[in-house]
Structures are given as C-alpha cells and as structure tokens.
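In: following is a predicted model, sequence given first.
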Amino acid sequence: MPEANLASLESVSKVYGTRAVLDGVSLGVGEGDRVGVVGRNGDGKTTLIRILARLEEPDEGRVTHANGLRLGVLTQHDSLDPAATIRQAVVGDLADHEWAGDARVRDVLTGLFGGLDLPGFPAGLDTVIGPLSGGERRRVALAALLIAEQDLIVLDEPTNHLDIEAVDWLARHLRGRRSALVVVTHDRWFLDQVCTRVWDVQRGQVHGYEGGYSDYVFARAERERLAASEEAKRQNLLRKELAWLRRGAPARTSKPRFRIQAANALIADVPPPRDSAELMRFASARLGKTVFDLEDVTLRAGGKELLTRLTWQLGPGDRVGLVGVNGAGKTSLLRALAGAARGTATPGLSVSGRVRTGKTVRLAYLSQELTADDLDPSWRVLQAVERVRARVDLGKGREMTASQLCERFGFGRERQWTPVTDLSGGERRRLQLLRLLMDEPNVLFLDEPTNDLDVETLTQLEDLLDGWPGSLVVISHDRYFLERTTDRLLALLGDGRLRMLPRGVDEYLERRAALARRPAPGAAAGAPARPGQAAPRQKPAQAAREARKEIQRIERQLDKLAKQEAALHAELAEHATDFERVAGLDRELKQLAERRDELETRWLELADEV
C-alpha cells in the first residue's frame, strides 16, 4: 500500500488579475521524493511551492499536510533579523562545544562558508547580519534551514549567489539527507544531480516526469513528438538539446525508464549544436587575427594583486568559460578588458603590462548588476529593442527582426507592448541580453548570464549562441551552461595565475580540494608567513625551462605512441580473420589510447605554465 503524501494539492487554482497561474492542479510529495520545479518566469513556479508550503492561500482547492510535518522553506527574500549575528541566526543559543560537536553543523558551515570560522567574514560567526550582501544573507538563511531536522524542505532558487564549489556541496548534501525536497531552480546540472522527479509548470498546468533534467528532456521531446499539435520550432529546439545530451554526455541519463532507442531515433538527423570550424572562419573574417592579446599583465584591485604577469590571448571564435573562487578576479579581468576595448581606465582597477585590442572589436558586456541601462520606464519592450536596431544579423545568412528576437526570448506579441517599468527582474535581464545582441557585437562578455533566467530562456539563449560567430567569454556558476556554450575552461584559483582545465569543472573541484588540503606555507615548521610575505617558490624562468623540457619529452613519447598505434593498425588489417589475435591487439590499442590521453592532458597543463 503506498505511503501517504507529506504534502498534497487537490484541485488547486490561483488567479492573478485575469490570468490563471494554476488551474485545477492536483499533486503530492511523498517521503524520499526529490522534486525539481521548472517552467518559464511568470508561469507560477514560485506560486506553486508557496501554496504547497502554506505561505499563500489558493483561490480554490485544498492543501493538505501530514500531521506533525516538519517543514523548512527557503524563499527568495529572507526574514533574517538585521540586528542579529550569524551565530544567533544559525546555531541560536548553543554553546560552541555543542554545535562544534555536531557533524551536520560542521558540514553545513564548511560547505557554505568554507570553514567553521567563516573565512571572509570580518567577525566570523559574530558578524552582524544587517550590513551583509544579498548573497551572504542567503547563505546564512540556507545554513539555518539545513542545520535543522526536516521532513520536507522547499527551496526557491537555492543556487543563486553560490559558487561552483558550494553548489557541488549542496547537491551532495541534499542527496545524503532523508528529507523530501521540492526545489525551484534554473541550474540544470543541479537538477540532474539531486532530483528524482520534475514538475514542469506550463499555462496553469503541472506535468510530472520521472528522473532528473536529462530524463525530463527525453520524455518531453518524446511527448511533443507524439503531440502533433505542438509547435514545430519548440519541438526542434528540444530535439537539438536532446542531441547534445545524448552525444556529449550520455552518462547524464542515469535511469533506463525511457525508451533510449526512441530517443536516439529522434536525433538521428540532428547535426551537432555548433560547426566550430565554420564559426571560426566566419569569426576570423569579422575580427581579423587579434581580439585581446595580454602580455605580462598585472591586475590590481585596491591593494590586492589579482593577476600576476599574465600572458594570454583571446582569439577570433574562442569560446571560453571562466571559473574561480569569489574574489579571484574573474569580473575584474572582464572589466579591465572592456576598459581596454573602450580606451578608458576602469575605476578601482590598476593594470600594468601590455593589453592589445583588435581594431575591429565590437564588444558587448553583460554585467551582473541590473542597471537602468538608459531605459525610459515608459518605453515598451519592443520599443526598447528597436531603439538599438530594427533587424539583427546572426551570421550564417540568418537575420531576425526585433520582434522575432523578442519572441525567441519569451516576449510574445502581447508582452512586447508591456512598459519596461512593469517587467520582473528576470524579464529585465532578458531585455538586457536582447539589447546587447541587437547591437551586433563580435565579442561577447557574459558575467553570470543565467541569473534570473528560466530554463526555457536559457535553452533559447544557448541555441542562439550556437550559431553566433564571435569570441565569447562566460563567467558562470552554472556548470550546464558552461559546458553547453563554451569549448574550453580556464580557472582563477586565487594565486594570480590563469590555468587551463582540460577536464573542465571536475578538474577545477579536484584542484580546489587539493589546495584546501595543502598546509599553509611555514605551518610545518611552526613559523606562519608574515602578512605580505610570499610563499617560497621556483623562479619563473627556471620553472618555465623545466616545463619546456618536460613538454619536449612528452612530444617524443607521443611520437612513439603514434608509430606504435600505426603498427598495431597494420597488424589488425593483416590478422583480420584471427579473432583471438584481433582481441589482443584491440586491448593493446586501448592501453595506448589511455596513455596518450594522460600525456596530452599533462602537455596541456605544462603549456599553461610556459
């Protein structure tokens, strides 16, 4: 007999003005369920979970909670007392030995704040909440919720303002809890890691799917294939994302409940998302050979040195993702490059060394902050876009009107005539992006572009960027978006250097974990370094010489491996009918391929040091 739900909705409806956000919705959350809620901004995701948590009353229908339900809710606006300290908000009146002896408290404080002493906060646990930023307050509210014992946890955009490491920790923490979970998030990697079910909120209805985000994409693509009345462009877009999921990362599909053969049939005629070679040729024609060329650049913000003698080149058609700890200099690097492109100094930043900018660079920079952006509040959405340009060239012979691009980004015909002042935060973010793209840039800087955007808008943006011929730099804590839109990943680890990550975000997390385990300079000898004293390290010239020598050794080894592989292929052709011999040769080829991958990865790491 199935267990009773912890929380249930029965025929629930909710109307705002003349629009039915929820229309006769019935659903439930059982013990052990981990439900992800997706849907467009404004379609009712937050309303759904607020009604489920009894923070808001439905117009019709009934909400039922199990007797004695222990419910924890994280909303987008916290109710923390600004006069309280972090200690009071998170651990209350518990003595230090009591909370420090609790494994859950230690895990939460370390995962969300980097340590029990809250490094980065001036007074640690005794820091007053009032002056904290919105992101810091959100971490405090999330920590207070996770430390408590709960039967059901309801989270509204918990990954906002969290860096990649904190998101990774939160996913592991929630998977390890016994609590049921309902979470609204646009972070598709997080949905895949945590959720066992997905609720898709669309036009007043909630459609349920088993599995995480990848399974949801498969099931929805199949459902829309069978539903002949669905729009062709929406179906094609889902098939394109499905193709990327199946081809680029098949391990994402963790559950065999959906018809994988049918999914593969759906994508049989779908080309790869990007033709990188063609885009590179087109970008080179628009940009020439130089975009940004940095040589021996040192970047300082205030009195802090963020980058030390950096030599790096952003070329035409490069698609780069930037990750790193908060405060390592990701945003400062983009601001400095934007200043160089405009030929102006950047307030608060000091740049020494050489920064060369291509003569044909047309830069568009989407910053984290939502600014007025010279928008007249009385303008309509379409007017705000058309004031930049009426038509936009997207490359490869594609052209769109301002109205068509507005529709692509979720502003339907009626919504295009909404005054700017009536837009939500997510809609303003979309409008910002639209205005940037309408200006036909050939270099695009995106700093946390996924903030406030729903999953469908992110999918539309990814599809648009697939055919966009220019250079792209993305700063994001959204792993899915980084993997989907960029071709290589670079990391700032807080030591003033820019490192290549051949294995992506997983390698970044491994490096960060290794740095956390490494003792501080002088700790073993009991002599902590004085403030401003640099840790002893090899001289740069000596380290570069040794790296070059090792690169030469690796290249010689790779040449030998190539000859061995050629010889093995010749033997395979010669002994094609000897199945035992072929099996043995195949094993040898796999071993050589593994060794080659190891050497190539090491070569890339060393090339970053030279």
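Out: In hand now; what should we look at? Numbering: from 1, shown residues only.
In: quick check: nearest residue in space to A84, chain neighbours excluded?
Out: Spatially, and ignoring its direct neighbours in sequence, A84 is nearest to I129 (5.5 Å; CB to CB, 6 or more residues apart in numbering). Every residue, glycine included, has its C-beta placed from N, CA and C.
In: OK, contacts around that neighbour?
Out: With contacts defined as CB atoms under 8 Å, 6 or more residues apart in numbering, the neighbours of I129 are L80, D81, P82, A83, A84, T85, I86, A89, R137, V140.
In: let me know how buried E594 is, in neighbour terms.
Out: Neighbour count of E594, defined by other CB atoms under 10 Å: 10.
In: now do D117
Out: The tally of other residues near D117 (other CB under 10 Å) stands at 11.
In: strands of the stretch 401-550 of the chain, start to end?
Out: Listed in chain order, the strands found in the stretch 401-550 of the chain under DSSP state E, counting those that start in this stretch are 443-447, 471-475, 488-492, 498-500.
In: quick one: distance of the shortest one to the chain centre.
Out: Spelled out, that is strand 498-500. 18 Å (CA atoms, centre = their mean, to the nearest Å).
In: OK, contacts around the residue positioned nearest the centre of the chain?
Out: Centroid-nearest residue in the chain: D478, 0.7 Å away (criterion: CA atoms, centre = their mean). By CB under 8 Å, 6+ apart, the contact set of D478 is T159, H186, D187, R188, W189, T450.
In: for it, give me phi and psi.
Out: Main-chain torsions, D478, degrees, to the nearest 10: phi -90, psi 100.
In: am I right that G39 is in contact with V198?
Out: No. Counting by CB atoms under 8 Å, G39 stays clear of V198, with 10.1 Å between them.
In: what helix or strand is H97 on?
Out: helix 96-100 (DSSP states H and E).
In: from the chain's centroid, how far away is that helix?
Out: Helix 96-100 sits 35 Å away from the centroid of its parent chain (CA atoms, centre = their mean).
In: can we start the residue count at 13 from this point?
Out: Right, with 13 as the first residue, what we last looked at is helix 108-112.
In: if you rank every helix and strand of the chain by mean pLDDT, what lands last?
Out: One helix or strand of the chain scores below all others by mean pLDDT, DSSP states H and E: helix 288-299, with a mean of 51.
In: make a ChimeraX selection of the buried ones in the contacts of I141.
Out: To isolate the buried members of these in ChimeraX, using 16 or more other CB atoms under 10 Å:
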select :92,97,98,101,149,152
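In: starting at the chain centroid, how far to stretch 117-124?
Out: 22 Å.
In: can you list contacts of that stretch?
Out: 102-103, 111-112, 127-128, 130, 151, 154-155, 158-159, 174, 178, 181-182, 185.
In: ok, 7 Å please
Out: Residues from elsewhere that reach stretch 117-124 (CB atoms under 7 Å, 6 or more residues apart in numbering): 103, 111-112, 128, 151, 154-155, 158-159, 178, 181-182, 185.
In: what's the answer for stretch 346-364, then?
Out: Here stretch 346-364 makes contact (CB under 7 Å, 6+ apart) with 304, 309-314, 344, 367, 369, 373, 375, 377, 457, 459, 485, 487.
In: which of the residues in that stretch are buried?
Out: For stretch 346-364, burial by neighbour count (16+ other CB under 10 Å) applies to L346, R347, A348, L349, A350, G351, A352, A353, T358, L361, V363.
In: ok, the fourth one to L570 distance?
Out: The one in question is L349. Distance, L349 to L570, by CB to CB, to the nearest Å: 34 Å.
In: any low-confidence regions in the chain?
Out: Scanning the chain with the threshold set as pLDDT under 70 gives 13-15, 237-300, 382-386, 406-410, 530-556, 584-585, 588-591, 609, 612-613, 616-622.
In: rewinding a little: got a ChimeraX select line for the buried ones in the contacts of stretch 346-364?
Out: To isolate the buried ones among those in ChimeraX, judged by 16+ other CB under 10 Å, type:
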select :304,309,311,312,313,344,367,369,373,375,377,457,459,485,487
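In: hmm, back to that, tell me how far the residue nearest to the centre of the chain lies from D464.
Out: For D490, the distance to D464 (CB to CB) stands at 12 Å.
In: what about the closest residue to R209 other than its chain neighbours, which SS state?
Out: Excluding the flanking residues, the one nearest R209 by CB to CB, 6+ apart is V47, at 4.7 Å. With DSSP: H, G, I helix; E, B strand; the rest coil as the basis, V47 sits in strand.
In: so what's V47 up against?
Out: With CB under 7 Å, 6+ apart, V47 has these contacts: V41, L193, V194, C207, R209, W211.
In: quick check: bridge partners of it?
Out: Counting by DSSP bridges, V47 is bridged to V194, R209.
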